[in-house]
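> Next comes the sequence, and after it the predicted model I'd like to discuss.
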Amino acid sequence: MSLSEFELKRTKKIVAAFIEKHRPEPHIRPNLDLSFRMEGQSVEIFEIRPHWNNPKEKHEIPIAKATYVKTRQCWRVFWQRSDMKWHRYDPAPEVRLVEDFLDLVDKDEAGCFFG
């Protein structure tokens, strides 16, 4: 079951504010930027960087992902390892609010999101 229209708009607003707060200065953004996308009941945060040998080509580098599980009323938290697969974030595999997910990403105490 996916997020309701109200929950979707609320989540987008909260995550957009988090991204805006953490984006680099405007003069750095052509070389490093931060963004997010929502698909279904998942929110994914990623970096945007130019390709190393073709600066006109942009690459998205996943940082963190949370998927809402309506039946459990929680967000499952994931990080992407070097195998390019999403793995459960074991220090806190589930959180109650999207704000809690963003707090985990911001603090990055395990060094999984930003290294």
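Cool, the structure landed. Numbering: from 1, shown residues only.

> pLDDT at the spatially most central residue of the chain, what is it?
In the chain, the C-alpha closest to the average C-alpha coordinate belongs to I45, at a distance of 2.3 Å (Cα atoms, centre = their mean). Predicted confidence (pLDDT) for I45: 98.

> Pretty sure it sits against D33.
No - applying Cβ atoms under 8 Å as the test, I45 and D33 come out as separate, 11.7 Å apart. For every residue, glycine as well, the C-beta is placed using N, CA and C.

> Okay, and the residue nearest to the centre of the chain sits in which element?
Assigned by DSSP states H and E, I45 belongs to strand 42-51.

> buried set for that strand?
With burial defined by 16 or more other Cβ atoms under 10 Å, the residues of strand 42-51 counted as buried are S42, V43, E44, I45, F46.

> separation between the third one and L8?
Read it as E44. In this view, E44 and L8 are 14 Å apart by Cβ to Cβ, to the nearest Å.

> Likewise for the first one?
For S42, the distance to L8 equals 11 Å [Cβ to Cβ].

> What of the last one?
With distances taken as Cβ to Cβ, F46 is found 19 Å from L8.

> same for the top strand by length along the chain, what does it pack against?
Counting residues, the longest strand found in the chain (DSSP state E) is strand 54-69. Packing contacts for strand 54-69, counted by 3 or more Cβ pairs under 8 Å, 6 or more residues apart in numbering; DSSP states H and E, involve strand 42-51, strand 74-80, helix 98-107.

> Try it again at 6 Å.
strand 42-51, strand 74-80 (3 or more Cβ pairs under 6 Å, 6 or more residues apart in numbering; DSSP states H and E).
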